[in-house]
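Participant: here is a sequence together with a model predicted from it:
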Amino acid sequence: MNPIKYFFKQSKYALNDFNQRIDSKGREYIKDSIRKAEIAKLSPDDSLVFEFQNKGKLIEIDDRNIQSYMISEFPQVIYPNWLYDLVNYGEPIVISQFIKPLDSQKALSGLRNRITNLSAQFYEKADKGKMHTIDLEQAIADARSIEDSIVRGVEKLYSMSMYLKLSQENTSKLIKSDKALKDLSYAKQIKLHQLVYKQKQGLETFLPNVTNAVGEEFYLTSSNVSSSLPFTTATLNDPDGIFYGITLGGEKIRFDRFSKASKNYNGIIFATSGAGKSFSAKLEAYRSLFRGINVYVIDPEGEFKTLCDYVGGTNIDINPESKTKVNPLQFFSSDTDTKEVMRTHLGVVKGLLKIWLSEDAYNRGIVSKAVNETYASKGILLDDPSTYSKKPPTISDLIKIFEKQGEEGKRIAVELLEYSHKGEMGDLYDNPSTDDVDFNSPMVVFNIQKVPDQEKQASIFYLSNFIWQKVLSNRNRKVLIIDEAHLLLKDESSANFMENLVRRGRKYNLGVISISQDVDDFLKSPQGSVIAKNADTALILAQKKQSIPSLVKAFDLSDVERDYITRLTKGQALFIKGNTHSHMFVYATPHERKLFSSNAEDLAKIDEQRKNGQ
C-alpha cells in the first residue's frame, strides 16, 4: 500500500502552524461568545443547545461530556480494514468521514507543486550542510510514487477528512476514555489531534446536515480510501439464524446454531454474577422455540421457571419433597440402544458413587464389580441390549450388593446409607422414576433450586445423563442448557461425561450450551479447556478481573479485546463464533426483558398475565 504522510494535508497553512492557528481563533471565539453571552444552537429545531466548558476542550450537552478529535496523521502503511480497532473500540465513540473526488489535472498540479517545495527544502538543507530528515526524503519518494500512479491511471486522488467523537457522562470518565483512545491510536500509528477551541465545529461534523465545519483535509489515493471503507466489523448476519443482538456499530447479529457450516452446535457463556448470563441463555432459548428447536434446561437457581410456564413447557421440580422422581440408576431404553450407550450410563453411575463416597472408602474395582452385579441382579446385562428395558435397580438395591463385597464393600454401603431411604437424601435419590416428565414438550426445565448445594454437582450429573438418554431417539434440533456447568468439571468422571456429551451431540442434532460464572475453575480443568476452545460459539459478558488472563489465553484475544472485556457493563458482550469476534449488546424487546427478568415484580406481572390468558 502507498504510505501516506502529513504532506498530503490540503490546508491553507502548513501543519506546524495548525496548533497556533486554532488556539488564536479559538480564544477569539470564546471571548466573543462570553461578550455576547451567546448559546450556540446547531440543530434545525433549536433543540440541541450546548456551551463550552474546560477552556474549549470539550462540550457539555444534556449532562454528557463530548470531546472531538481529527486524525492529523495516518499510519505509515495503510492496510485493508486498518480502522478495525477504532471501529470496535469499547468506548462510546463515533467516527465521521468526508470524502471528495479530486480533478486529476488539478490534483497532479498540486502534487507536483508539493514535490517541488519538498525538493527545495531538501536541497536547501543540503546546501547549508544541515542533515535532512528521513521523513522529508520519504515524503518526496511517496509523492513521486503517487504522481506516477495517477499518470498511469492506476490511482485517482481524493480529499478526505476524518473525525472522532468521544462521549461520557462525566469528566473523570472522559479523561480515562481519552487516555485509552490516545494509547490505542499511538499503538496503531494514528495521530489524533484534539480540536481545542474547535469543539463546536467538531461537533457539527457529526450532524445530519453533513458539514465539514473543521475543514482539514488530506489527499489520499483511491486504494487508500477503499482501505478505509466500509467500516467493516466482525459480525454475523445469517438470514436463517436467531437475532441475538447488535454490534457497537449498529449491525445485527443473527446466527444459526444448527447451520451446516458450524463445526458443532455447542456454546459457552461466561459471566460474573448479575452480568446477564441467564438472561442471554433465556433469550436464545425463547427465540429458538419459534424455530421449532426443543429446549432442555438444568436450572440450579430456578431462573427459567417463568419462561417455561409462559411458553407452555414442562417445569420439573427436583427436590426431596417433589412428587416427580428421577432414579439416577435407571437406564431409559430407546430405539438407539447400543452397548456404548449402556456403558456410558454405567460410567455415570460409577462416577456418582465417586462423588458421594469419601476418598478412603472409594475403591474403583469394588465399585465397578458391585454396579455390574446390581444390574445383573435385575436381569440387565451389558452384552444383551434386549435386557435394557427391564425394571432398573435403586440405591437400596445397590447397597445390598455392596454389603456382600467384604469389609471394604460394607464400608461403602455404610456411606451410601445417606442416599437411601434410611438417610436424609433418600427422598431425592432412592426412588423409581415417575412417568410425569413430558419430553414431547417444546421446553423442559429441571429446577434443582431446592436441592442442597452439596448435592447440586451430583444432580446436574445424573440429570444430564437422563436428558442425554431421552434425546437420543429424537432427531429434531434441540438444545441442552447447563447452568453452573463448572460443577461437572470438579470430578474426573463427570468431566469426562460432559466432554463426551458435547463431542457426540452433533451426531444427534444436540447443541450443549454450558454456562458458568467460575471461569478459572472451568478453564483450568483439562476437559473444560477442551470444551471451551472447541465450542462453536462463546459469549463473554462482564468478568472478574482475575479471570481476564484465562479468557485471553483460552480464546486468543487481542489487546483491544482484552481491554474491551475488562470494561464490559451489563448487557455488553464479546461474541465469538469461529474466527469472528464481535463487540455487541445483547438485545431484547421490552416484553422479553420482563419475561427474562429476575425481578420479583416483573415475574409477578408475567404470572398474572399468563393466568388471565393474556
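Facilitator: Received the coordinates, thanks.

Participant: pLDDT below threshold where in the stretch 501-614 of the chain?
Facilitator: Residues of the stretch 501-614 of the chain meeting the criterion pLDDT under 70: 600, 602-604, 606-607, 609-614.

Participant: and with 90 instead?
Facilitator: Scanning the stretch 501-614 of the chain for pLDDT under 90 picks out 533-534, 557-564, 566-572, 578-585, 590-591, 593-614.

Participant: strands of that one, start to end?
Facilitator: Ranges of strands within the stretch 501-614 of the chain are 510-516, 537-540, 572-577, 580-586, based on DSSP state E, counting those that start in this stretch.

Participant: now do the second one: distance to the chain's middle.
Facilitator: Spelled out, it's strand 537-540. 4 Å (CA atoms, centre = their mean, to the nearest Å).

Participant: who does it touch, helix- and strand-wise?
Facilitator: strand 267-270, helix 548-555, strand 572-577 (3 or more CB pairs under 8 Å, 6 or more residues apart in numbering; DSSP states H and E). For the C-beta atoms, the positions are set from N, CA and C on the backbone; glycine is no exception.

Participant: convert the longest helix anywhere in the chain to PDB, retaining C-alpha atoms only.
Facilitator: Ordering each helix of the chain by length in residues (DSSP state H) puts helix 104-127 first. Provided in PDB are the C-alpha atoms of helix 104-127 (Å, rounded to 0.1, in the frame of the first residue of the first chain):
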ATOM      1  CA  SER A 104      -6.900  14.700 -11.900                       C
ATOM      2  CA  GLN A 105      -5.300  17.700 -13.600                       C
ATOM      3  CA  LYS A 106      -5.700  19.900 -10.500                       C
ATOM      4  CA  ALA A 107      -4.500  17.100  -8.300                       C
ATOM      5  CA  LEU A 108      -1.400  16.500 -10.400                       C
ATOM      6  CA  SER A 109      -0.700  20.200 -10.500                       C
ATOM      7  CA  GLY A 110      -0.900  20.500  -6.700                       C
ATOM      8  CA  LEU A 111       1.100  17.300  -6.200                       C
ATOM      9  CA  ARG A 112       3.900  18.500  -8.500                       C
ATOM     10  CA  ASN A 113       4.000  21.800  -6.600                       C
ATOM     11  CA  ARG A 114       4.300  19.900  -3.400                       C
ATOM     12  CA  ILE A 115       7.100  17.800  -4.800                       C
ATOM     13  CA  THR A 116       8.900  21.000  -5.900                       C
ATOM     14  CA  ASN A 117       8.500  22.500  -2.500                       C
ATOM     15  CA  LEU A 118       9.700  19.400  -0.700                       C
ATOM     16  CA  SER A 119      12.700  19.100  -3.000                       C
ATOM     17  CA  ALA A 120      13.600  22.700  -2.500                       C
ATOM     18  CA  GLN A 121      13.600  22.100   1.300                       C
ATOM     19  CA  PHE A 122      15.700  19.100   0.800                       C
ATOM     20  CA  TYR A 123      18.400  20.900  -1.300                       C
ATOM     21  CA  GLU A 124      18.300  24.000   0.900                       C
ATOM     22  CA  LYS A 125      19.300  21.900   3.900                       C
ATOM     23  CA  ALA A 126      21.900  20.100   1.800                       C
ATOM     24  CA  ASP A 127      23.400  23.400   0.700                       C
END
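
Participant: so what does it touch, helix or strand wise?
Facilitator: Here helix 104-127 touches helix 134-151, strand 157-168, strand 217-221, going by 3+ CB pairs under 8 Å, 6+ apart.

Participant: mind putting the ones you listed into a markdown table with mean pLDDT, distance to residue 496 and mean neighbour count?
Facilitator: Shown next, in a markdown table, are the helices and strands packed on helix 104-127 (pLDDT from 0 to 100; distance: least, CB to CB, whole Å; neighbours: other CB atoms under 10 Å):
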| stretch | mean pLDDT | distance to residue 496 | mean neighbour count |
| --- | --- | --- | --- |
| helix 134-151 | 75 | 60 | 16 |
| strand 157-168 | 87 | 48 | 21 |
| strand 217-221 | 79 | 57 | 23 |
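
Participant: how does this protein divide into domains?
Facilitator: Taking automatic domain parsing as the domain assignment, the ranges for the chain are 6-102+156-227, 242-324+437-614, 327-433.

Participant: of the strands of the stretch 501-614 of the chain, which is nearest residue 313?
Facilitator: strand 510-516 (16.5 Å; CB to CB).

Participant: low-confidence stretches in the stretch 151-300 of the chain?
Facilitator: Checking the stretch 151-300 of the chain against pLDDT under 90 turns up 151-162, 164-241, 245-253, 255, 260-263, 273-275.

Participant: which residues in it form helices?
Facilitator: 171-187, 199-204, 222-227, 277-289 (DSSP state H, counting those that start in this stretch).

Participant: residue 554: which of the ones you listed is closest?
Facilitator: Ranked by CB to CB, the member of these that lies closest to residue 554 is helix 277-289, at 16.6 Å.

Participant: just checking, what packs against the closest one?
Facilitator: Packed next to helix 277-289, using 3+ CB pairs under 8 Å, 6+ apart, are strand 242-247, strand 267-270, strand 294-299, helix 305-310, strand 478-482, strand 510-516, strand 580-586, helix 590-596.

Participant: can you give me the buried ones in the first one?
Facilitator: Same thing as strand 242-247. 242, 244-247 (16 or more other CB atoms under 10 Å).

Participant: repeat for the shortest one
Facilitator: Residues of strand 267-270 classed as buried by neighbour count (16+ other CB under 10 Å): 267-270.

Participant: can you tell me the helix or strand for residue 466?
Facilitator: Per DSSP states H and E: residue 466 is located in helix 456-471.

Participant: tilt between that helix and strand 294-299?
Facilitator: Relative orientation of helix 456-471 versus strand 294-299 (axes from the mean of the first three to the mean of the last three CA atoms, to 10 degrees): 170 degrees.

Participant: name the residues that touch helix 456-471?
Facilitator: Contacts to helix 456-471, defined as CB atoms under 8 Å, 6 or more residues apart in numbering, come from residues 294, 296, 298, 300, 318, 326, 328, 330-332, 334, 341, 344-345, 348, 351-352, 355-356, 428, 439, 444, 446, 448, 451, 478, 480, 482, 484-485, 487-488, 490-491, 494, 497-498, 501, 508, 510.

Participant: for residue 170, phi and psi?
Facilitator: Here is the backbone geometry of residue 170 (degrees, to the nearest 10): phi -150, psi 170.

Participant: and it, how far is that from residue 59?
Facilitator: Distance of residue 170 to residue 59, given as CB to CB, to the nearest Å: 14 Å.

Participant: hey, what's in contact with both of these two?
Facilitator: residue 65.

Participant: returning to what we had before: would you format the helices of the stretch 151-300 of the chain as JSON lines with mean neighbour count included?
Facilitator: JSON lines is the format used below for the helices of the stretch 151-300 of the chain (neighbours: other CB atoms under 10 Å):
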{"stretch": "helix 171-187", "mean neighbour count": "15"}
{"stretch": "helix 199-204", "mean neighbour count": "22"}
{"stretch": "helix 222-227", "mean neighbour count": "18"}
{"stretch": "helix 277-289", "mean neighbour count": "23"}
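
Participant: among those helices, which comes closest to residue 77?
Facilitator: Across these, residue 77 has its closest neighbour in helix 222-227 (9.8 Å, CB to CB).

Participant: could I get the CA-only coordinates of stretch 439-454 as CSV?
Facilitator: In CSV, the C-alpha atoms belonging to stretch 439-454 read as follows (Å, rounded to 0.1, in the frame of the first residue of the first chain):
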residue,chain,number,x,y,z
PHE,A,439,-40.3,-34.9,26.7
ASN,A,440,-42.6,-34.0,23.8
SER,A,441,-43.0,-30.6,25.4
PRO,A,442,-41.1,-27.8,23.5
MET,A,443,-39.3,-26.8,26.7
VAL,A,444,-38.4,-29.0,29.6
VAL,A,445,-36.8,-27.4,32.7
PHE,A,446,-35.3,-29.4,35.6
ASN,A,447,-35.4,-27.0,38.5
ILE,A,448,-32.9,-28.0,41.2
GLN,A,449,-33.1,-24.8,43.2
LYS,A,450,-34.2,-26.6,46.4
VAL,A,451,-31.6,-29.4,46.1
PRO,A,452,-28.9,-28.9,48.8
ASP,A,453,-25.8,-27.1,47.5
GLN,A,454,-23.6,-30.1,48.3
